[in-house]
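Participant: Sequence and predicted structure below; questions after.
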Amino acid sequence: MTEVAGREETGSVVHDEETGLQSTIVEVRGGSQIRFTMNTTKVLEKQLACQTLFEYVDALGPHLAAFIGPALEKVLPLVIFKYSEQVRNSASFACGKLFSAAVEVCKANANNQFAMPFLWPCADTLVKGLKGEQHAEPRSCMAEGLKDLLQACFESGGKSATGVLQASTVAFTGEQAEAVATALVEVAQASIERRGKKMAAFEASDELEGDQDAERLEEELEEEVRLRSMEVRPWCVPLLSIHKS
Amino acid sequence: MLYRPHGSQGRAATRTGLLQLLFAETMPVVANRIAHCVAQSAAAEPWSDLLQTVCGAIGTGAEQARTALFVLEQLPDYAPKLMASNASNLLPVYSGALASAELNFRISGLKATAAVLMALPSDKERAPFMPLVQPALAALAAALQSGHEVEAQEVMTSLVSVAQHAVDFFRADLPQVVDAMLQVANEDSLEFETKERALELLVTLCQQSPARVRRCPNVLSIVTVCFAFMCRLEDQDDGEWVGGEYSSDEYCDDEEEYMAGDEALEHTIEALGKGLLPTVLALIPAHVQDPDWRRRRAAHSAIAAAASAATKALKPQLGECSRALVAGLSDAHPRVRFSATTAVATLCEVYSGEFQKASHAQVLPALGAIVGDGSQCQRTRGHAAACVINFCNPEVDDASEFVEPHLDTLLGALCNCFAPGSPSSVQEEALGAVTCVAQVTETDFTRFYSVFMPGILGILGTAPQARLRGKALQCVGIIGGAVGLEVFKDDAVQILQTLMPAMTVAPGAALPEGYFEYLAPACAQIAKALKEHFVTFLPTVLPPLLHTLGVEVQSRTLVFLIRFGWLLALTFLSLCLLFKKAVNDYVIVCFNFFRVNCRWQPIQNCRKFLSQCIACDGNQVLVPFSFSLKYQVSNKEKRTHISIQSMKLTFFFESSLWCSRWNAA
């Protein structure tokens, strides 16, 4: 909704708790101001619901078995929810946890049939999200969700009496594993490129000094280092071990 | 595009007409509107004689000169390529304007210069403009000397924009600019807004060009300027503050100058790094000892700013800083205790674990003394309880090591907060603090379970404030998780049985107040404590969550072409929305707004609204005398109505319409 606004401070956000409407003033060409209003309640509720679901899965794991399928059905589209970064973050975490819970159900029943139908939809959605994501934080969350998923697959065979990990029972086909690996390599390459660009810009800058402003560069690079450490290290061993072909 | 319906001759004639209108107009507001139309037209297609005509108008009269400079200020935004390719030719025009004897003319010239600098793509192209820094500073000095502070603020606002986008413009004269801004920011006789603008320019220069600013001889004086800002407080009567209510949602230390100085100091340290730290640290001891409470408060804020902005560099001084803050926690003035508490919370966050381990023996008893003392002002008390949450952060490794030695004192103090008459906002923070202590100490909290749980259950059952009840519920869940199933199970089942009616919500029905804020997270916490014993409650708690996750936030696009009549259009729109399934994503509502000659107030308002939208976006074709709004909306079902949630709004307009509108006016 829009309405004519009197002269107000540009960028200030007003939230009406009763209606859930949030509005802000923006400056438009010609020196005029317009108030933009949108209802953010539904989006915020989705985020909170995702977080709460994560807590339930974290607390109850396989006890949630009857709800894992319906929950994944709702959560997966939110991994690539276009209206909110925070919803994507929470959904990515919840997705990894839900799949891990499904694998726990399999382990308890010594049968991989429960988790297998969820494996590819979850992995595919997280990989698609990871490849298309423009923002650093959701990218990290998606990588973490995928890491949880791969870790669960890796450990799906359980341990022997001597504590040795058994062969995975919940696993990708060779084709799926290749698709995931290729996508992850692309994401890692993109991350290296972003890092290189940031370093080159820093080195070329007249306005920044190597010794004094090094922390600033370090901070900027931190996100990429975190992303790659989450993507590359945890997945390479499990991925090699968990596809069947 | 804009003039397509008229053909090339028609376009030329309209452009000529626009320029005639522009320079004949005597009302600046109207002339500015036409200037936007001119700039927009220049963006659409080449306009070979535009710049020549506009520059030529500068010498024809004061009004025309103002209008011409306004056009030059707008053109870079609409037609950056046109301006970039002509910038060097226009340089004498900008220099001339800045050298004028007329202050307004100089300011208009500066705004136009700032606009073109931001349109130029590289340092090389901006280099010829560098000699204009001195005239810009002279314009600022002239504005200040003649008491035109609003104009001086405009000058500095323009310079801030240039500093953000093209800082190399200042390269040759950076020391002079820094000195000038230091002088303005330090001048007590000036308005706050003027000084703040100067400080903003200084901070922006530090952020955009730290290496060069470090080489400016007087750069360290920024620190004293920031301290001066933090120490100014016109209203000496702090009785109102002391008697005020505590709220966790609003920060109480929010005077404009104090906040401006505090933020500027943090940003400056962050930008310039460790080189600035010795100057900051050198000022702290004297300020901490100062009889004036505002100076003591400034010292605490400076510690917090330095910790946030130069975390590594401040580390060796952490012990000294802690001692200063511990002394501040027992300061005679409540506002100093408040600022010391804020700084302690910052250090807990920044040096998470390390600070707590090194200072718990001094800090926790001092915080406990504030929290437990009912005679303290409630703002300080609530803030101290909130700080306990930061200090006893359950995510810190081995937090129990530094919390357990103080368990009796701390919990005794927190218990006092639940005494009758304690404000609910303080009780909320105290509940949060008890929650953290329980999480950290886990089974050690068991011996306090029987002390706290009945009181918290009492709040849950009787407190009138939903928010306080929600906090109590969260606290119960976390305490339950900490003490374990054996101790908690009976209470948990009883609480859940009480809660379940509120948690039983039919899919799509309205959720009770605080459902996602408190109820659902608290149930999840209780689930953590009960594990498999919680499973029986899942069919009640999960369906509303899953329903919420699946609610569609689908965007729809509506196009309004206003052509028929105002009320008819609204009626049609309402029908479309009510029967949304019967219409496509694109709904067209038309009426001829400008043929309605009505004095009815809603229509007058609508007219005003449209006139304000004049220069939003001219890149679309519209039928003459029509106006359209295109918005994406999403559905929200609320009672029986469907309300529009605008996700994005784009305006289209026909420029000739505005000419007609102004002619009619």
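Facilitator: Happy to help now that I have it.

Participant: in chain B, what spans have low per-residue confidence?
Facilitator: B:1-7, B:234-237, B:249-251, B:553-665 (pLDDT under 70).

Participant: tell me, what residue is most central in it?
Facilitator: In chain B, the residue lying closest to the centroid (CA atoms, centre = their mean) is residue B:263, at 12.8 Å.

Participant: Need the CA coordinates for stretch B:417-426. PDB is fine.
Facilitator: Extracted in PDB, the C-alpha atoms of stretch B:417-426 (Å, rounded to 0.1, in the frame of the first residue of the first chain):
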ATOM      1  CA  CYS B 417      13.800  -8.900  41.500                       C
ATOM      2  CA  PHE B 418      10.600 -11.000  41.900                       C
ATOM      3  CA  ALA B 419       9.600  -9.300  45.100                       C
ATOM      4  CA  PRO B 420       6.100  -7.700  45.000                       C
ATOM      5  CA  GLY B 421       6.200  -4.300  43.300                       C
ATOM      6  CA  SER B 422       9.100  -5.000  41.100                       C
ATOM      7  CA  PRO B 423       8.500  -3.600  37.600                       C
ATOM      8  CA  SER B 424       7.600  -6.400  35.100                       C
ATOM      9  CA  SER B 425      10.400  -5.200  32.700                       C
ATOM     10  CA  VAL B 426      13.000  -5.800  35.400                       C
END
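
Participant: Report the buried residues of it.
Facilitator: B:417-418, B:422-426 (16 or more other CB atoms under 10 Å in any protein chain shown). Any C-beta I mention is one placed from the backbone N, CA and C, and that applies to glycine too.

Participant: touching chain B at all, the helix ranked longest in chain A?
Facilitator: Of all the elements of type helix in chain A, the one with the most residues (DSSP state H) is helix A:174-204. No - using CB under 8 Å from any CB of the partner chain, helix A:174-204 stays clear of chain B, coming no nearer than 11.4 Å.

Participant: which other helices and strands contact that helix?
Facilitator: With contacts taken as 3 or more CB pairs under 8 Å, 6 or more residues apart in numbering or on different chains; DSSP states H and E, helix A:174-204 sits against helix A:116-132, helix A:136-154, helix A:214-242.

Participant: Least confident of these, on average?
Facilitator: Lowest mean pLDDT within the helices and strands packed on helix A:174-204: helix A:214-242, a mean of 65.

Participant: Tell me the secondary structure at the residue of chain B most remote from its centre.
Facilitator: Distance to the chain centre peaks in chain B at residue B:9, reaching 49.0 Å (criterion: CA atoms, centre = their mean). Secondary structure for residue B:9, judged by DSSP: H, G, I helix; E, B strand; the rest coil, is helix.

Participant: re earlier: report the buried residues of the longest helix of chain A.
Facilitator: By 16+ other CB under 10 Å, the buried positions in helix A:174-204 come out as A:176-177, A:179-181, A:183-184, A:187-188, A:191, A:194-195, A:202.

Participant: hang on, the earlier thing: looking at the helices and strands packed on helix A:174-204, which is nearest to chain B?
Facilitator: Chain B sits nearest to helix A:214-242 of all the helices and strands packed on helix A:174-204, at 6.8 Å, using CB to the nearest CB.

Participant: before we move on, the earlier item: restricting to C-alpha, output the helix or strand containing the residue nearest to the centre of chain B in PDB.
Facilitator: Counting by DSSP states H and E, the element that carries residue B:263 is helix B:256-272. The C-alpha coordinates for helix B:256-272 follow below in PDB (Å, rounded to 0.1, in the frame of the first residue of the first chain):
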ATOM      1  CA  GLU B 256      21.500  12.900  20.200                       C
ATOM      2  CA  GLU B 257      25.000  14.400  20.800                       C
ATOM      3  CA  TYR B 258      26.100  11.500  23.100                       C
ATOM      4  CA  MET B 259      25.000   8.900  20.500                       C
ATOM      5  CA  ALA B 260      26.600  10.900  17.700                       C
ATOM      6  CA  GLY B 261      30.000  11.100  19.500                       C
ATOM      7  CA  ASP B 262      29.800   7.500  20.700                       C
ATOM      8  CA  GLU B 263      29.100   6.100  17.200                       C
ATOM      9  CA  ALA B 264      31.600   8.400  15.500                       C
ATOM     10  CA  LEU B 265      34.400   7.300  17.900                       C
ATOM     11  CA  GLU B 266      33.700   3.700  17.200                       C
ATOM     12  CA  HIS B 267      33.600   4.100  13.500                       C
ATOM     13  CA  THR B 268      36.700   6.200  13.500                       C
ATOM     14  CA  ILE B 269      38.700   3.700  15.600                       C
ATOM     15  CA  GLU B 270      37.400   1.000  13.300                       C
ATOM     16  CA  ALA B 271      38.500   2.900  10.200                       C
ATOM     17  CA  LEU B 272      41.900   4.200  11.400                       C
END
